[in-house]
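In: Sequence and computational prediction follow.
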Amino acid sequence: SAVISQKPSRDICQRGTSLTIQCQVDSQVTMMFWYRQQPGQSLTLIATANQGSEATYESGFVIDKFPISRPNLTFSTLTVSNLSPEDSSIYLCSVLRGGEAFFGQGTRLTVV
Amino acid sequence: DAKTTQPTSMDCAEGRAANLPCNHSTISGNEYVYWYRQIHSQGPQYIIHGLKNNETNEMASLIITEDRKSSTLILPHATLRDTAVYYCIVRPYSDDKIIFGKGTRLHILP
């Protein structure tokens, strides 16, 4: 299994500001994944974060809006920039180990 | 895009077996069938996976048809705590990402 610590667990932010979400894994992993879950919806993959290289973004997501850092093999951050109410969602990080995916408990973001 | 089709929602009486279907008619030979569930406000949780043989663990059983175009997740004795959204996913074992479909919202009724 994998233990993933994600923080903050929730936040309320003003529109136009940014929120940085941290994800810490209990052991080294090659790739970390960031998802968004809008209210009542399924999970949507934002990007894949590789250590030592730029993140790979899925269609519809851009680096300017969702910059990602991956300074080492156990840690990553996702920043949601220039917040608008449409960014109100749960954001989750995930890792793969042995073919199985493990998820953090998510960050619930509310933009007011 | 997700490669699976699932019913939007299902009900099941507590104590009965919950049978959740999934269609994956375009599955490739190297792709596994994975099931995850997401209980409200939590991150998704792995349940089970299989390639072509039926699988069973302490949580559930997975029945895959012989042509591998569909499968059924079985929760043998559903409890209220099994109320969740269940996601069926097909992917190679070592693929580097998971794409979620819409899943099935399972309601366990007391």
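Out: In hand now; what should we look at?
In: List the residues that contact the residue in chain B that chain A sits nearest to.
Out: Relative to chain A, the nearest point of chain B is B:Gly43 (3.1 Å; Cβ to the nearest Cβ). (C-beta placed from N, C-alpha, C; glycine too.) Applying Cβ atoms under 8 Å, 6 or more residues apart in numbering or on different chains, we find B:Gly43 in contact with A:Ile4, A:Leu92, A:Ser94, A:Phe103, A:Gly104, A:Gln105, A:Gly106.
In: In a markdown table: the residues you listed, plus secondary structure, pLDDT and distance to chain B.
Out: Listed next are the contacts of B:Gly43 as a markdown table, based on DSSP: H, G, I helix; E, B strand; the rest coil; pLDDT from 0 to 100; distance: Cβ to the nearest Cβ, whole Å:
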| residue | secondary structure | pLDDT | distance to chain B |
| --- | --- | --- | --- |
| A:Ile4 | strand | 93 | 8 |
| A:Leu92 | strand | 97 | 6 |
| A:Ser94 | strand | 95 | 7 |
| A:Phe103 | strand | 94 | 3 |
| A:Gly104 | coil | 93 | 6 |
| A:Gln105 | coil | 92 | 5 |
| A:Gly106 | coil | 95 | 6 |
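In: Among those residues, list the two that are farthest apart in space.
Out: A:Ser94 and A:Gln105 (11.3 Å; Cβ to Cβ).
In: which residues do those two both contact?
Out: Residues touching both A:Ser94 and A:Gln105 (Cβ under 8 Å, 6+ apart) are A:Ile4, B:Gly43.
In: who's more crowded, these two?
Out: Neighbours were tallied for A:Ser94 and for A:Gln105 using other Cβ atoms under 10 Å in any protein chain shown; the higher tally belongs to A:Ser94 (26 against 16).
In: Would you enumerate the residues in contact with that one?
Out: Contacts of A:Ser94 (Cβ under 8 Å, 6+ apart): A:Ile4, A:Met32, A:Phe33, A:Trp34, A:Tyr35, A:Ala101, A:Phe102, A:Phe103, A:Gly104, B:Gly43, B:Ile98.
In: residues in chain B within reach of chain A, list them.
Out: Residues of chain B that fall close to chain A, judged by Cβ under 8 Å from any Cβ of the partner chain: B:32, B:36, B:38, B:41-46, B:49, B:85, B:87, B:93-94, B:96-103.
In: And the residues you listed, which of them are buried?
Out: B:32, B:36, B:38, B:43-44, B:46, B:49, B:85, B:87, B:97-101, B:103 (16 or more other Cβ atoms under 10 Å in any protein chain shown).
In: sorry, back to before: let me have the contacts of B:Gly43 in CSV, adding distance to A:Ser84 as columns.
Out: Formatted as CSV, the contacts of B:Gly43 follow (distance: Cβ to Cβ, whole Å):
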residue, distance to A:Ser84
A:Ile4, 27
A:Leu92, 20
A:Ser94, 25
A:Phe103, 25
A:Gly104, 24
A:Gln105, 24
A:Gly106, 20
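In: Please identify the pairing partners of the one helix or strand in chain A whose mean pLDDT sits lowest and their relative orientation?
Out: Among the helices and strands of chain A, strand A:100-103 carries the lowest confidence by mean pLDDT, DSSP states H and E, at a mean of 90. According to DSSP bridges, strand A:100-103 has the following sheet partners: strand A:89-97 (antiparallel).
In: circling back to that earlier point, buried residues in the least confident helix or strand of chain A, which are they?
Out: Of all the residues in strand A:100-103, those buried under the rule 16+ other Cβ under 10 Å are A:Ala101, A:Phe102, A:Phe103.
In: And stretch B:76-89, by the same measure?
Out: Buried residues in stretch B:76-89, counted by 16+ other Cβ under 10 Å: B:Ala78, B:Asp82, B:Thr83, B:Ala84, B:Val85, B:Tyr86, B:Tyr87, B:Cys88, B:Ile89.
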